[in-house]
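K.L.:
The following block contains a protein sequence and its predicted model.
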Amino acid sequence: MIDKRIPLPLRRSRSEEIFPALTPEQHRRVAEHGHMRVTQNGEVLVEQGDSTVPFFVVVSGEIEIVRPLGAAETLVAVFGPGQFTGEVNMLSGRRALFRIRATRPGEVIELDRRELQAIVRNDAELSEIIMRAFILRRVELIAAEMGDAVLVGSNHSADTLRIKEFLMRNGHPYSYIDLEKDPDVQNLLDTFHITAGEIPVVIFRGQLVLRNPTNEQVAETLGFNEAVDQTNLRDLIIVGAGPSGLAAAVYGASEGLDVLVLETSSPGGQAGSSSKIENYLGFPTGISGQELAARAYSQAQKFGTEILIANAKRLSCERKPYVLELENGARVPGRAILIATGAEYRRPPLENRSRFEGAGIYYGATFVEAQLCSGDEVVVVGGGNSAGQAAVFLAQTTTQVHMLVRAAGLAESMSRYLIRRIEETPNIVLRPHTEIVKLEGGDHLESVRWRNSQTGETEGHKIGHVFIMTGAVPNTRWLEGCLALDAKGFIKTGPDLSPVDLSAARWPLSRPPYLLETSVPTVFAAGDVRSGSIKRVASAVGEGSAAISFVHQALRE
Ligand SMILES: Cc1cc2nc3c(=O)[nH]c(=O)nc-3n(C[C@H](O)[C@H](O)[C@H](O)COP(=O)(O)OP(=O)(O)OC[C@H]3O[C@@H](n4cnc5c(N)ncnc54)[C@H](O)[C@@H]3O)c2cc1C
């Protein structure tokens, strides 16, 4: 007889997962990698912004984490015996977000980053506890807008959106103050001598103010790249941290290769701008591209991959080791190279388009953009899966979504499940044979005019948000004739390389190129940038993973 009053035993609470206490046996295993340190009441163990951040496990006494702001402090967390400090910055080697202080006399086990990485790589049980806590702590910090940076901007400013996206997609916690909405903003502007015309501004650690910084300046100030040696010879350099590059990084680093990933802006690539990926194996309820990217990024770091936020400007492929020249002037040598630079959005030739980019014209529909147009009407341009996803996602928070497609319908370009969703969503209006002909507005897009190519009629609408999802072109211009490309600029690999391609490239080996190898030995390509690839997350991940097996073979030669 079943007692119906006994509920299902529930799993541990989230707070236990975020702040777990290690068992004495787990303690012992951590202690083998570190050393004991006596702490005094009030002793600062790490200051906000420190570049060397040890990992502490409390043996006795207590440690607190606080965010300093001028003379004031906000309490972030308190750790007692058995609990440990740290979050994902510990793995990437980035600067401390907060101050760490002992609040009682006691003892801690202290480990440096390398020792912690060794535990995370080799002790499966501890790795699971520590990685889960680190990732969840970061998720909570982002949700609570608790970090070391404050962005002051306006939702009508393209640069505000750019910086927001850069910080969000790099998983960096920050707080946002809107010039138009926040009543206390004037005090803050006065304190830092900022005029309204200078926004967006980013205030770092309550001290340093950057006025409308570039993404590179933000990355530099936050110390994203500081822990990465930019001159070391690596086994494998991966260019691009989209799904294919991140998959290759996880497999390469977990199989013992010394891997460096170069990424222009933020991990996740095109997938990172997807509101919900529903066809990726293992996620039956779908996963946002941002979350998938964040998980993959942490996984790659766990195995020791280093990630540099930098733009690869040129590949020097005349002799080995090959060298990647970066925008900042650095030259990074690699024994093997994987090009995973994917593709970027096609920008239709519309007058005023670039003026409104980020101020009414968007190329991705994530949570950030959805917030900007909540309660408004929007236009989605395109008939592919990315346009369909965007329409369904935006329909949840907007009053009406106008879906503009050039063709007669969606059947040829979109997956059946998305077409059904669109048909079942009452506030999505499909407009076939329709194209935008005019964009108008002041600082921000205010109205859109479209034309039906069958009837020739045009209509004007007061709509301030247009999502352009009309396909992508390969990111290969920077390769400058180094590798054989197809007519559309995608990289040819393996059997797609004809004898003519190979002789033009002076292929020097007696063996033909491996499956994902380009016209230059030991230079590989994977994902959307590769000629003939299937433009999907799963195939990009598959190709990135498979490439590692060929990298091993080529490096052994
Ligand atoms: C909005 C949207 C929704 C999508 N939804 C789905 C979906 O639901 N399911 C699905 O299967 N597929 C989906 N796709 C397609 C999928 O995202 C892509 O197929 C996949 O991201 C390709 O991965 P990739 O790693 O090959 O390239 P990308 O994702 O394009 O990543 C390439 C990376 O390389 C970086 N890079 C480029 N040039 C350089 C350089 N010179 N130096 C350094 N870094 C560089 C870029 O910044 C980028 O981060 C969607 C695409 C979009 C745009």
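P.N.:
Perfect, I can see it now.
K.L.:
And stretch 546-557, what's buried?
P.N.:
Residues of stretch 546-557 classed as buried by neighbour count (16 or more other CB atoms under 10 Å): 546, 547, 548, 550, 551, 552, 554. The C-beta positions use only the backbone N, C-alpha and C, and glycine is treated the same way.
K.L.:
Provide the contact partners of that stretch at residue level.
P.N.:
Residues external to stretch 546-557 that are found in contact with it (CB atoms under 8 Å, 6 or more residues apart in numbering): 235-236, 244, 248, 251-252, 255, 257, 335-336, 338, 509, 514-517, 521-522, 524, 526.
K.L.:
Which entries in those residues are shared with the contacts of the ligand?
P.N.:
residue 244 (CB under 6 Å from any ligand atom).
K.L.:
How about the residues of the stretch 251-400 of the chain by the ligand?
P.N.:
262-265, 269-271, 273-274, 277, 279, 311-312, 340-343, 364, 385-386, 389.
K.L.:
I'd like the list of the contacts of stretch 546-557 that fall within helices, please.
P.N.:
For the contacts of stretch 546-557, the ones inside helices are 244, 248, 251, 252, with DSSP state H as the criterion.
K.L.:
residues contacting the nearest residue to the second one once chain neighbours are set aside?
P.N.:
The spatially closest residue to residue 248, leaving aside those adjacent along the chain, is residue 544, at 3.8 Å (CB to CB, 6 or more residues apart in numbering). Residue 544 is in contact with 243, 244, 245, 246, 247, 248, 249, 251, 338, 340, 526, 527, counting by CB under 8 Å, 6+ apart.
K.L.:
Could you look up the SS state of residue 544?
P.N.:
helix (DSSP: H, G, I helix; E, B strand; the rest coil).
K.L.:
sorry, back to before: out of the buried residues of stretch 546-557, which is nearest to the ligand?
P.N.:
Each of the buried residues of stretch 546-557 was scored against the ligand by CB to the nearest ligand atom, and residue 547 proved nearest at 11.1 Å.
K.L.:
Give me the distance between that closest one and residue 429.
P.N.:
Look at residue 547 and residue 429: by CB to CB, to the nearest Å, they are 43 Å apart.
K.L.:
same thing with residue 25?
P.N.:
Distance of residue 25 to residue 429, computed by CB to CB: 62 Å.
K.L.:
For the closest residue to residue 84 other than its chain neighbours, give me its contacts.
P.N.:
Excluding the flanking residues, the one nearest residue 84 by CB to CB, 6+ apart is residue 57, at 4.5 Å. Applying CB under 8 Å, 6+ apart, we find residue 57 in contact with 22, 27, 30, 31, 34, 82, 83, 84, 85, 108, 109, 111.
K.L.:
Just give me the neighbour total for the third one.
P.N.:
Here the neighbour count serves as a burial measure; for residue 30 (other CB atoms under 10 Å) it reads 20.
K.L.:
next one: residue 141
P.N.:
Neighbours of residue 141 using other CB under 10 Å come to 22.
K.L.:
ok, it to residue 70 distance?
P.N.:
When distances are taken as CB to CB, residue 141 and residue 70 turn out to be 20 Å apart.
K.L.:
again with residue 23
P.N.:
Applying CB to CB, the value for residue 23 to residue 70 is 40 Å.
K.L.:
more neighbours, those two?
P.N.:
With other CB under 10 Å as the criterion, residue 23 and residue 70 differ in neighbour count, and residue 23 comes out ahead with 12 against 8.
K.L.:
so what's the more buried one closest to, chain neighbours aside?
P.N.:
With CB to CB, 6+ apart as the measure, residue 82 is the residue that lies nearest to residue 23, at 7.8 Å, once sequence neighbours are left out.
K.L.:
In contact with the one you found, which residues?
P.N.:
Per CB under 8 Å, 6+ apart, neighbours of residue 82: 21, 22, 23, 27, 57, 58.
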